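**Q** mind looking at a prediction? Sequence and model below.
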Amino acid sequence: DAEGQYVDTVFNDNVDRTAEDFVIASILISDPVEGMLSLAGHTAIRVQCPVFDLDYVYHYIMIHQEDSISETKALLTGQFFVQMVADTFASYVQHSETINRGLTEYRLHLTPQEEQKLWQILDEELVSDKQLKYDFVQEGCAVKTKKLIERVLGNKHIDYSACDPRISAPQYELVSAAMQHAPWMRFVMLTAMYGHTKKSDCANNLLIPADLAAAWQTATIDGRPLLSDGVRIVANNYYQSDGWFTPMRLAIMLLVISIIGLFVTKPYTDWIILGMQQLMSVLVLLFSVMGSTFIVWNWLLIPFNILPAICWKWRKYWALPYAAVLAVWILVMVFVPHMLVDTTHIILVLAFAIVVLKQSNILQRFLTKSVAQDIAKSSKRSLTK
């Protein structure tokens, strides 16, 4: 069994291993809770063998090798790994109750042979003790669970034709919707997820645990539903961040500062906005290095890069054309048919664009020209009289 204890299941001739209830497999979906690593929910596989009183939950946990560093630093530096563990069902439920985490169970409709094969594969994963590199989009718990079930099914085709069209939206939008309750982590995830803005089919978009359950409830295999309706095991205690200081409010505050800067001769406000732009540039570059995604175009690289700071001394030459580029970027992001970047990103770019436009002195020249024209007209009228 999962704890390494010997159980005689081979020589007991009274056991019908072809019975529907010899092994019972199901998917457990945990609600999001507070904590950087739990904001999108969690997926686990429960397998039971009532005949031998076995009931275990197999799932992937995230670990990092340096206990002294924080979860945030481990995530930003790519030091997280995932590893399969097995808990008794009772202890898994108890843990969910202790941290007030909602838990729902969905029965998998597999054949007895497939359910036994699933248990064998889970045990092999557990014994292998493999530590895999963490990647929320490519190798998150929902994605790994999907791949395990596909290994069990072999050449059998899962029909996703009845899947909710919402799940076929770009992955960027799925993550945005799933993390509305955690605005700061949502902003970080969306900043990191450039390149995942193309629409995809339902089968390749199951990276959110709740979406996996929703898709498999409508999916069929050999004409039978893949998943049953959910049964609530632990009451819903959905985490909701009630902090007032959100990325959106910070972005609006920076936009106001940039507008005030138009009427301030001192450059202090400009340095604040440029500092924000450089901080975002470092974040985007960091995620590029972590994900090795230089071959994937990143829309955020246009406004958030280190070139403005490097070339700041010569800004009077490039400020006006770059401000025009930023204006076009904002218009594209606002009116594109589907989500490419977050609204918070757009507001931050707007704040930066105002500062860049100010550096071109075009507003001062325009005002100076208008004043000169007014003086000229007044002088002309005086001479006429």
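**A** Thanks, I have the structure now.
**Q** report the distance from stretch 256-272 to the chain centre.
**A** 34 Å (Cα atoms, centre = their mean, to the nearest Å).
**Q** pLDDT score assigned to Leu274?
**A** We have a pLDDT of 93 for Leu274.
**Q** helices or strands up against whichever strand or helix holds it?
**A** Per DSSP states H and E, Leu274 falls inside helix 268-291. Counting contacts by 3 or more Cβ pairs under 8 Å, 6 or more residues apart in numbering; DSSP states H and E, helix 268-291 packs against helix 183-192, helix 247-261, helix 307-310, helix 343-359. Glycine gets a C-beta too; all of them are placed from N, C-alpha and C.
**Q** could I get those helices as CSV with distance to Phe287 and mean pLDDT?
**A** CSV is the format used below for these (distance: least, Cβ to Cβ, whole Å; pLDDT from 0 to 100):
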stretch, distance to Phe287, mean pLDDT
helix 183-192, 4, 84
helix 247-261, 16, 94
helix 307-310, 18, 91
helix 343-359, 13, 93
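**Q** thinking again about what came up before, list the buried ones in the helix holding Leu274?
**A** For helix 268-291, the neighbour count (16 or more other Cβ atoms under 10 Å) marks 269-270, 272-274, 276-277, 280-281, 283-284, 287-288, 291 as buried.
**Q** now the two most distant members of those residues.
**A** Thr269 and Gly291 (33.6 Å; Cβ to Cβ).
**Q** so, low pLDDT: which residues of this structure?
**A** Where the chain drops to pLDDT under 70, the residues are 1-13, 15-16, 35-38, 63-80, 129-138, 195, 237-242, 289-297, 362-385.
**Q** quick one on the thing from earlier: for Arg46, find the nearest of the helices and strands packed on helix 268-291.
**A** Closest to Arg46 of the helices and strands packed on helix 268-291 is helix 183-192 (Cβ to Cβ; 27.6 Å).
**Q** contact partners of the helix or strand that the closest one is followed by?
**A** Using DSSP H and E, the helix or strand that follows helix 183-192 in sequence is helix 209-218. With contact meaning Cβ atoms under 8 Å, 6 or more residues apart in numbering, helix 209-218 is reached by 27, 29-30, 40-43, 104, 106, 141-142, 145-146, 160, 162-164, 167, 174, 178, 202-203, 205-206, 225-230.
**Q** cool, and stretch 263-281?
**A** 191, 254, 257-258, 260-261, 300, 303-306, 308-309, 312, 348, 351-352, 354-355, 358-359.
**Q** out of those, which are buried?
**A** Among those, those classed as buried by 16+ other Cβ under 10 Å are 191, 254, 257-258, 261, 300, 303-305, 308, 348, 351-352, 354-355, 358-359.
**Q** partners of the longest strand along the chain, with directions?
**A** Counting residues, the longest strand found in the chain (DSSP state E) is strand 54-64. Here strand 54-64 has these sheet partners by DSSP bridges: strand 42-49 (antiparallel), strand 80-88 (antiparallel).
**Q** pick the most buried one from those strands.
**A** strand 42-49 (a mean of 23; mean count of other Cβ atoms under 10 Å).
**Q** now the angle between helix 209-218 and that one, please.
**A** Strand 42-49 runs at 50 degrees relative to helix 209-218, counting by axes from the mean of the first three to the mean of the last three Cα atoms, to 10 degrees.
**Q** and strand 42-49, how far out from the chain middle?
**A** Between the centre of strand 42-49 and the centre of its chain there are 24 Å (Cα atoms, centre = their mean).
**Q** so what's Arg107 up against?
**A** Counting by Cβ under 8 Å, 6+ apart, Arg107 touches Ile24, Ala25, Ser26, Leu227, Ser228.
**Q** just the ones in strands from those residues, please.
**A** Per DSSP E, those map to strands at Ile24, Ala25, Ser26.
**Q** separation between the second one and His157?
**A** According to Cβ to Cβ, to the nearest Å, Ala25 stands 19 Å off from His157.
**Q** go on, Ser30?
**A** The gap separating Ser30 from His157 is 29 Å, by Cβ to Cβ.
**Q** for the residue nearest to Leu103 when sequence neighbours are not counted, which residues are in contact?
**A** Distance criterion Cβ to Cβ, 6 or more residues apart in numbering; nearest residue to Leu103, sequence neighbours excluded, is Val234 at 3.9 Å. Applying Cβ under 8 Å, 6+ apart, we find Val234 in contact with Val93, Ser96, Glu97, Arg101, Gly102, Leu103.
**Q** of all these, which two lie farthest apart?
**A** Every pair of these checked by Cβ to Cβ; the farthest is Val93 and Gly102, at 11.4 Å.
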